[in-house]
Each structure stands twice: as structure tokens, then as C-alpha cells.
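Q: no sequence on this one, just coordinates:
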């Protein structure tokens, strides 16, 4: 069922255009993080560094877009509903790119070596996290188009986050079953947790999408 847009108001076209840029930049940070992890796992360090720097660039672009949106909310765009909830959604989505940036910086600084026996599990985890980000992007963009679709996409985020969590625990189990030095174990565990945190923040943002959509359906 087609639903009237959530935030339709004066200057809403400009707001939604900037919102699309924002969520695309956030999604791109996760997309390039996926490239980073895959290249890093394959020992392609030059390609991994290039992708990691792209993650950082897109996180910065997302920050700039978020600030523009927040300025619109509080000084430019007249919205029919409370601005606070929209501000919280923007902050929540921005957290996704922030976590992706942390993973990228960790790999650039610490130069971890991903053991070959764990290679496929890291790729599987990161691939699932990217799926999560794909559906979050769709959920946010659907807020202006169809609230039923926004809820459906956000619900998929939650389901995929559970899948990512299961892979995360499997990977940690594999990590602790190996004979390795303590420092390597700690750093790899940190890497796994940070990748998982990208999905955690995506789930939090998806929860806000659902909250907004359900509220304004009525």
C-alpha cells in the first residue's frame, strides 16, 4: 500500500536529495570495507590500503552530509513531525560509517595478518555485514516513498544481523581453538568485534526506521 511520505514539507526535495547522498556515503563506507577485508585476507595489502582509505574518505563525506541535514532540520526545512526523531535517525545511521572507519584504521595501523584458516570466515562475516548495510540503505530511502517497504527492509536488517552474529561467534570460536600468541589473539578478536559492531549500529538505525514508519503509518 502506498503511503504518504513521512517528512514531506517545504524544501523537502532538497532534504531528501541530501539524505540520499548521506545514506549512499554511509553504505559506500561499508562497501569499501568489504573490499578492504577481502583484499587483506588475500594478502593484497596495496589494494587493501587503497580500499581502507576509501572507507575513511566516505565516512568524512557522510559526516559532511549529516551536518547539512541537521542544519536543514533545525534552520531550514519545516517538517510536519518532530525533528528530534529525525536527528536521532541521522546520528544512528552515521554511527555505521564511524564503526567502518574504525575497522579501516585498525587495519592500516596494526597491519594484522589474517590466518589462512580463518580467511573464509572473515569474508563471510564481512559479506553478511554488507548485506545488512544494503537493506539499511533501502529502508532509509523508502521512508520518503513507501512506509511498508521501509519496515520490510528494516526487518531484513534485523534478521541479517542475527546471521552475522552467528558467524561472528563461529569465527571467535575458531580463533580461540588455534595455537597463537596472546597479542595476535587479542587484536584479531578486536577486529572481529569491530566488524560485528558495524552490523550492530545498522540494526540500531533500522530500529529507528521502524519506529518512525510505524508511528507515521497511523
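A: Received the coordinates, thanks. Computed from a predicted structure; not experimentally measured.

Q: now do the contacts for the spatially most central residue of the chain.
A: Centroid-nearest residue in the chain: residue 96, 3.7 Å away (criterion: Cα atoms, centre = their mean). Listed by Cβ atoms under 8 Å, 6 or more residues apart in numbering, the contact partners of residue 96 are 26, 29-30, 133, 136, 198, 201-202, 205. C-beta here means a position set from N, CA and C on the backbone, and glycine is covered the same way.

Q: ok, which pair from those residues is furthest apart?
A: Pairwise distances across the contacts of residue 96 peak at 13.3 Å for 29 and 205 (criterion: Cβ to Cβ).

Q: in three-state terms, label the residue of the chain most remote from its centre for me.
A: Using Cα atoms, centre = their mean, the residue of the chain lying farthest from its centre is residue 179. It sits 32.5 Å away. At residue 179 the chain is in coil, as set by DSSP: H, G, I helix; E, B strand; the rest coil.

Q: now it: how far from residue 113?
A: Taking Cβ to Cβ, to the nearest Å as the measure, residue 179 falls 15 Å from residue 113.

Q: same check, this time on residue 36
A: 15 Å.

Q: higher neighbour count, those two?
A: The neighbour comparison of residue 36 against residue 113 (other Cβ atoms under 10 Å) goes to residue 36, with 25 against 13.

Q: so how far is residue 54 from the more buried one?
A: 8 Å.

Q: all helices of this structure, in order?
A: In the chain, the segments counted as helices under DSSP state H are 12-41, 45-71, 83-110, 119-142, 147-176, 182-217.

Q: and the fifth one, what does it pack against?
A: Pointing back at helix 147-176 there. Using 3 or more Cβ pairs under 8 Å, 6 or more residues apart in numbering; DSSP states H and E, the elements in contact with helix 147-176 are helix 119-142, helix 182-217.

Q: spatially, what comes nearest to residue 192 if we skip its sequence neighbours?
A: Spatially, and ignoring its direct neighbours in sequence, residue 192 is nearest to residue 171 (5.5 Å; Cβ to Cβ, 6 or more residues apart in numbering).

Q: my read: that neighbour touches residue 122, true?
A: Yes: Residue 171 is within contact range of residue 122, at 6.9 Å (criterion: Cβ atoms under 8 Å).

Q: which neighbours do the two share?
A: By Cβ under 8 Å, 6+ apart, residue 171 and residue 122 have these common neighbours: residue 192.
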